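Peer 1: sequence plus the predicted model coming up.
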Amino acid sequence: MTFRPYILASIAAMLMAASLSAHAQPNSTAFRSGYAPVNGLRMYYEIHGTGQPLILVHGGLGSSDMFAPIVPELSKGRQVIEMDLQAHGRTVDIDRPLSFEAMADDIATLIRYLGFEKADVMGYSVGGEVALRAAIQHPEVVRKLIIVSATFRRDGWYREIVAGMEHLDETVAEQMMH
């Protein structure tokens, strides 16, 4: 299987972004932001640059801020849309279960709300799983899909990660917010 150079560059950039997210500085490029009415949510989003739209879907317990180090480069030739999933970042939780399927519907609704016929979608970790569901559930709005560091099945994770995830609760999530 051959990978195009931009896929490899995206993967490397995403890994770097994940490691730098705690130290990320606000993006210095001009952007517009807002809250979209999406399936009962007030979903936060930012749009950077112009051109073919690329939706960035962050990892679990994170926010769109994790992409700050790579957005300036990505938005040089594209319209990059960062958004915060339900109960993440600046998008507050609502009274519905968190599920990949519901968050995938949110991505498709956001694409339509922003007026795009189709968009490329790149997801990292949990965001990759949400992006995959969006492409499966809404192929009419997902042009291309880029999945970075996501698993297909739980048995694809390292045992240590699965063990650690079994101890996640509200107190751990609260600590991770800082």
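Peer 2: In hand now; what should we look at? Numbering: from 1, shown residues only.
Peer 1: how are the strands of this protein distributed by residue range?
Peer 2: 31-38, 41-48, 53-57, 79-83, 119-124, 142-148 (DSSP state E).
Peer 1: so which of those strands gets nearest Ala108?
Peer 2: Ala108 lies closest to strand 142-148 among those, at 7.8 Å (CB to CB). Yep, even glycine has a C-beta here, placed from its N, CA and C like the rest.
Peer 1: could you check the angle strand 53-57 makes with that closest one?
Peer 2: Per axes from the mean of the first three to the mean of the last three CA atoms, to 10 degrees, the angle that strand 142-148 makes with strand 53-57 is 40 degrees.
Peer 1: tell me the predicted confidence for Leu20.
Peer 2: You'll see Leu20 listed with a pLDDT of 41.
Peer 1: can I get the strands of the chain in TSV including mean pLDDT and mean neighbour count?
Peer 2: Below are these laid out as TSV (pLDDT from 0 to 100; neighbours: other CB atoms under 10 Å):
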stretch	mean pLDDT	mean neighbour count
strand 31-38	96	14
strand 41-48	98	21
strand 53-57	98	26
strand 79-83	98	25
strand 119-124	98	25
strand 142-148	97	18
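Peer 1: Met165 is nearest to which of those?
Peer 2: Once those are compared by CB to CB, strand 119-124 is nearest, at 16.7 Å.
Peer 1: run through the chain and note the low-pLDDT ranges.
Peer 2: Within the chain, the set of residues satisfying pLDDT under 70 comprises 1-29, 172-178.
Peer 1: apply 50 and report the result again.
Peer 2: 1-28 (pLDDT under 50).
Peer 1: centroid-nearest residue for it?
Peer 2: Val57 (0.9 Å; CA atoms, centre = their mean).
Peer 1: residues contacting that residue?
Peer 2: 83, 85, 107, 121-124, 127-128, 130-131 (CB atoms under 8 Å, 6 or more residues apart in numbering).
Peer 1: columns distance to Arg154 on top of those, output as a markdown table?
Peer 2: Shown next, in a markdown table, are the contacts of Val57 (distance: CB to CB, whole Å):
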| residue | distance to Arg154 |
| --- | --- |
| Met83 | 26 |
| Leu85 | 20 |
| Ile107 | 22 |
| Val121 | 22 |
| Met122 | 23 |
| Gly123 | 17 |
| Tyr124 | 18 |
| Gly127 | 17 |
| Gly128 | 14 |
| Val130 | 16 |
| Ala131 | 18 |
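Peer 1: list just the nearest of those to Asp155.
Peer 2: Using CB to CB, Gly128 comes nearest to Asp155 of these, at 16.8 Å.
Peer 1: give the contact list for the spatially closest residue to that closest one that is not a sequence neighbour.
Peer 2: Nearest non-adjacent residue to Gly128, counting by CB to CB, 6 or more residues apart in numbering: Ala150, 2.8 Å away. Counting by CB under 8 Å, 6+ apart, Ala150 touches 123-129, 131-132.
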